[in-house]
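**Student:** Got a predicted model here, sequence first, then my questions.
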Amino acid sequence: DAKTTQPTSMDCAEGRAANLPCNHSTISGNEYVYWYRQIHSQGPQYIIHGLKNNETNEMASLIITEDRKSSTLILPHATLRDTAVYYCIVRVAFRAGGTSYGKLTFGQGTILTVHP
Amino acid sequence: KAGVTQTPRYLIKTRGQQVTLSCSPISGHRSVSWYQQTPGQGLQFLFEYFSETQRNKGNFPGRFSGRQFSNSRSEMNVSTLELGDSALYLCASSSGTSREAFFGQGTRLTVV
């Protein structure tokens, strides 16, 4: 799996957009970008993933650059409950036969602190 | 739909003992993965099971083992516990064809 680089920490004001960057310059053509977050002492929570197109769901938006070497997770209106460690992960989504790879390689992530 | 259930939530064991942790995946999910989380090493992959077969293994000693049952429930076992095995052990399930994994709340193991 390709290596990712994220800032150690970021701050954001409540109600503002939080933009979390991730560099993955060695990403391969069949690797997806995943984002998870972990609120203190809980299990990681899936947020969003994408291959090369921008993606949006009820939680966030994912913007992937055209060369796929970096991406940005956007939380459009951050709340205090969004304070967490955010992990950007790159991995192949499927193996031959349709069974997914279960392995996620977590880095240190970005500690996002949302302030009132 | 019930989420991933891990039992027990907390456990205290003595050095040298063994421990078994349980994970019940989301109904219909056939893939179960295990992770260890410590302050020093972060989240590290232990192993993955799909259809009762270990499909992938992380870089952990043989004291760490696991298995998956026909109903997709999984157990992991750690033998001859060491102080350094104190950690949050997390289980994640996926359907095998979906692209996202869903995590349980974890089992907090303390070795004294």
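**Tutor:** Good, I have the coordinates.
**Student:** Centre-most residue in the chain?
**Tutor:** Here I'm looking at chain A. Among the residues of chain A, the one closest to the centroid is residue A:35, at 2.5 Å (C-alpha atoms, centre = their mean).
**Student:** try chain B instead
**Tutor:** When C-alpha atoms, centre = their mean is applied to chain B, the residue found nearest the centroid is residue B:34 (3.5 Å).
**Student:** Who does it form a beta bridge with?
**Tutor:** Applying DSSP bridges to residue B:34 yields these beta-bridge partners: residue B:47, residue B:91.
**Student:** how close does residue B:103 sit to chain A?
**Tutor:** With distances taken as C-beta to the nearest C-beta, to the nearest Å, residue B:103 is found 3 Å from chain A. C-betas here are computed from N, CA, C, even on glycine.
**Student:** er, residue B:107 actually
**Tutor:** As judged by C-beta to the nearest C-beta, residue B:107 and chain A stand 10 Å apart.
**Student:** Could you do residue B:22 as well?
**Tutor:** Spatial separation of residue B:22 from chain A under the definition C-beta to the nearest C-beta is 15 Å.
**Student:** Could you tell me which residues make contact with that residue?
**Tutor:** B:6, B:7, B:73, B:74, B:75 (C-beta atoms under 8 Å, 6 or more residues apart in numbering or on different chains).
**Student:** who in chain B is up against chain A?
**Tutor:** Contact residues, chain B versus chain A (C-beta under 8 Å from any C-beta of the partner chain): B:4, B:30-33, B:35, B:42-45, B:48-51, B:55-56, B:58, B:88, B:90, B:92, B:94-106.
**Student:** now the residues you listed: which count as buried?
**Tutor:** Buried members of those, scored by 16 or more other C-beta atoms under 10 Å in any protein chain shown, are B:4, B:30-33, B:35, B:43-45, B:48-50, B:55, B:58, B:88, B:90, B:92, B:94-96, B:99, B:101-106.
**Student:** Tell me which entries of the residues you listed lie within strands.
**Tutor:** Using DSSP state E, the subset of those located in strands is B:31-33, B:35, B:43-45, B:48-50, B:55, B:88, B:90, B:92, B:94, B:102-103.
**Student:** Among the contacts of residue B:22, which one has the most neighbours?
**Tutor:** Compared across the contacts of residue B:22, residue B:74 has the highest neighbour count, 25 neighbours, by other C-beta atoms under 10 Å in any protein chain shown.
**Student:** OK, contacts around that one?
**Tutor:** Going by C-beta under 8 Å, 6+ apart, residue B:74 touches B:22, B:23, B:25, B:32, B:34, B:49, B:66, B:67, B:68, B:91.
**Student:** ok, for it, nearest residue in space, not its chain neighbours?
**Tutor:** Spatially, and ignoring its direct neighbours in sequence, residue B:74 is nearest to residue B:32 (4.1 Å; C-beta to C-beta, 6 or more residues apart in numbering or on different chains).
**Student:** wait, isn't the one you found in contact with residue B:95?
**Tutor:** No - with contact defined as C-beta atoms under 8 Å, residue B:32 and residue B:95 do not form a contacting pair (11.2 Å).
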